[in-house]
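Q: What follows is a predicted structure for the sequence shown.
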Amino acid sequence: MFCGSAWAPFALLGHCKNEHPEIKQGPDSQMKLEQVIKEYQIVSEVPVPTFHGPPVEGLKEHNDGLICLADGCSYACRKSKVMAEHWTSCHPNILIPKDKRARSGVVQCFFPVIGTKYFAVNPSVADIDPQGLYATFINDYLPSVPPLPMLPPNTHRELPPLLAHTGWNLHLDSFVTDDTKRKALLTSALRPLDVKKDPLYGQLHDWVFEYMDNIRNIAQFQVPYTILRYILEYPS
Ligand SMILES: [Zn+2]
Ligand SMILES: [Zn+2]
């Protein structure tokens with residue numbers, strides 16, 4: 001907890017003695033450590049966490065990480081020289097310019113001395129439900145999106161990158177040439193008539209305002225706190 005790193009049980013007390021002399025160790029510290037190891041079934045080897053998953057609590061987050069961009073590869077490190085060596089040994093046949101081989105990101109590692117193995121994490125999923133929609137989007141969908149930068153269109157006839165990615169132009173293709181279909185689509189998106197003419201959806205207007213009022217009340221008490229938390233978490 002002092003330096004944000006993990007140590008194998010046999011190395012922990014030595015590390016604390018050398019690096020954190022301010023921590024006082026009693027004569028029974030070895031025994032206490034053994035109790036903890038037994039109680040929590042602590043092992044010296046840990047599997048590398050999910051690629052780009054939430055950060056492991058307690059481990060230092062390094063913002064100067066480099067993450068390999070080769071298909072299906074989850075290699076990460078912190079030095080461009082090490083990344084170059086990784087490409088030479090693991091992806092010798094992929095011809096990609098040097099600056100497209102890795103992207104920068106946040107990485108962590110368990111054991112900082114022997115066999116340092118960095119793994120990419122995503123601090124923005126730290127406090128969210130791992131089964132939730134946002135985590136699914138970040139972990140499962142986002143990696144399938146072509147890597148940036150997408151080039152902006154050169155002419156007005158070229159598709160903008162976002163449209164090209166969403167494929168809405170293909171989805172709406174038949175509407176462009178079919179007047180009736182287009183009108184039906186527009187009608188479906190119109191604001192409902194007022195409550196006298198449409199007793200069900202006519203209430204929508206009031207619902208929306210009620211919702212906005214509630215949101216405003218929540219915002220007065222909770223949003224400043226949320227923003228403050230973000231400022232503290234992401235000071236840069
Ligand atoms: Zn330490
Ligand atoms: Zn790689």
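A: Received it, and whenever you're ready, just let me know what you need. Ligands and ions are numbered 1, 2, ... in the order given.

Q: Okay, strands next: where are they in this protein?
A: Applying DSSP state E to the chain gives strands spanning 62-68, 76-77, 102-108, 119-121.

Q: Using a markdown table, please lay out the ones you listed together with distance to L12 and mean neighbour count.
A: No exception for glycine: its C-beta is placed from N, CA and C like everyone else's. What follows is those, written out as a markdown table (distance: least, C-beta to C-beta, whole Å; neighbours: other C-beta atoms under 10 Å):
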| stretch | distance to L12 | mean neighbour count |
| --- | --- | --- |
| strand 62-68 | 21 | 18 |
| strand 76-77 | 25 | 24 |
| strand 102-108 | 18 | 19 |
| strand 119-121 | 21 | 23 |
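
Q: looking at these, which is closest to ligand 2?
A: Proximity to ligand 2 (C-beta to the ion) singles out strand 62-68 among the strands of the chain, at 3.1 Å.

Q: What residue spans form the domains of this protein?
A: Residue ranges for the domains of the chain, per automatic domain parsing: 9-40, 62-143, 149-190, 201-233.

Q: any chance of the ones you listed in JSON lines, plus distance to G53 and mean pLDDT?
A: Formatted as JSON lines, the domains of the chain follow (distance: least, C-beta to C-beta, whole Å; pLDDT from 0 to 100):
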{"stretch": "domain 9-40", "distance to G53": "21", "mean pLDDT": "90"}
{"stretch": "domain 62-143", "distance to G53": "6", "mean pLDDT": "87"}
{"stretch": "domain 149-190", "distance to G53": "24", "mean pLDDT": "84"}
{"stretch": "domain 201-233", "distance to G53": "18", "mean pLDDT": "82"}
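
Q: right, and these - which one's nearest V46?
A: Ranking those by distance to V46, with C-beta to C-beta as the measure, places domain 62-143 first at 5.7 Å.

Q: and the closest one, is it in reach of ligand 2?
A: Yes - Domain 62-143 lies within reach of ligand 2 by C-beta under 5 Å from the ion, at 68, 70, 73, 75.

Q: Can you say which of those are buried?
A: 68, 73, 75 (16 or more other C-beta atoms under 10 Å).

Q: among the strands of the chain, which is nearest L159?
A: It is, among the strands of the chain and with distance given as C-beta to C-beta, strand 102-108, at 24.5 Å.

Q: With that, I have no additional questions.
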